[in-house]
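>>> pasted the sequence and its predicted model underneath.
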Amino acid sequence: MVFDLEASGLDIRRDRILSIGAVRIEDLAIPLGRQYDRIVRAPGPLGLASRLFHGLTRADLERGTAPRDALAGLLDFAGDAVWLAFHAGFDRALLTQALKTHLSRRWDGVVLDLAVLAPMLFPDRARQLGPHAGLDAWGAVFGLAASARHAAVADALLTAEIALVVLRRAQQRGLRTWGALESAARAWRADRMGAGGPVF
């Protein structure tokens, strides 16, 4: 399952989830009929920069799904799937905090990071893009484009399309299980950090 969270800011202790998007990957395909897309009810004012960035209005957020229900729905949608995201650290931390706050639930799920897997498996493209390449840049290098950026489900779909390219390359390299892929990513990341270089 590939997921994306849009938030009111970058502080996981203070900012809140505004929308959740997720899609499934099944048999190296994306079943478009299986998507999870929720605007999350958020009380209080929303800054102008955030409104412009996400395109969500105060009315959208007032009509949104209660955080507890939106988060429970995401967990149900995920089931026992492997979780993937782009720049997964932020989304994972934000989700962990939200689950603790709204569902009193401790979550320690593993989230594979496409921002690590893509440069690991496509080093030539990574050198071309540079160390800070984001979702748009990786989508463009593979000839992909989001239908609407910074809408959670559109970003999740673009991430899933990148994941299909990455997973096919992983299979070609003999990485045929999620465990093998996670282990290779951990070793690649450790090697990069050990060499004094940033992961992204």
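Alright, I've got the coordinates.

>>> show me what the most centrally placed residue in the chain is bridged to.
Nearest residue to the geometric centre of the chain (C-alpha atoms, centre = their mean): residue 85, 2.8 Å. In this structure, residue 85 bridges to residue 113 when assessed by DSSP bridges.

>>> quick one: the strands in the chain, in order.
2-7, 17-23, 35-39, 83-85, 111-113 (DSSP state E).

>>> can you put those in TSV and add mean pLDDT and distance to residue 68?
In short, each C-beta sits where N, CA and C put it, glycine included. Written out in TSV, the entries for those read as follows (pLDDT from 0 to 100; distance: least, C-beta to C-beta, whole Å):
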stretch	mean pLDDT	distance to residue 68
strand 2-7	94	15
strand 17-23	95	12
strand 35-39	95	12
strand 83-85	97	20
strand 111-113	95	21
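
>>> sorry, back to before: got the contact list for the residue nearest to the centre of the chain?
Residues counted as contacts of residue 85 (C-beta atoms under 8 Å, 6 or more residues apart in numbering) are 2-4, 91-92, 111-114, 159.

>>> next, count neighbours for residue 34.
The criterion is other C-beta atoms under 10 Å. On that basis, residue 34 has 13 neighbouring residues.

>>> typo on my end, residue 57
Other residues within reach of residue 57 by the criterion other C-beta under 10 Å amount to 12.

>>> and for the longest helix anywhere in the chain, what's in contact with it?
The helix spanning the most residues in the chain, taking DSSP state H as the definition, is helix 152-172. With contacts defined as C-beta under 8 Å, 6+ apart, helix 152-172 is touched by 2-6, 19-23, 25, 28-30, 35-37, 84-86, 114, 117-118, 121-122, 135, 138-139, 142, 144-149, 176, 181.

>>> quick one: buried ones out of these?
When neighbours are counted using 16 or more other C-beta atoms under 10 Å, those contain these buried positions: 2-6, 19-23, 25, 30, 35-36, 84-86, 114, 117-118, 121-122, 135, 138-139, 142, 144, 146, 181.

>>> how near is residue 100 to residue 18?
For residue 100, the distance to residue 18 equals 18 Å [C-beta to C-beta, to the nearest Å].

>>> also residue 144?
Noted for residue 144: a distance of 24 Å to residue 18, by C-beta to C-beta.

>>> what is the least confident helix or strand in the protein?
Among the secondary structure pieces of the chain, namely its helices and strands, helix 48-54 has the lowest mean (mean pLDDT, DSSP states H and E), a mean of 49.

>>> alright, that wraps it up for me.
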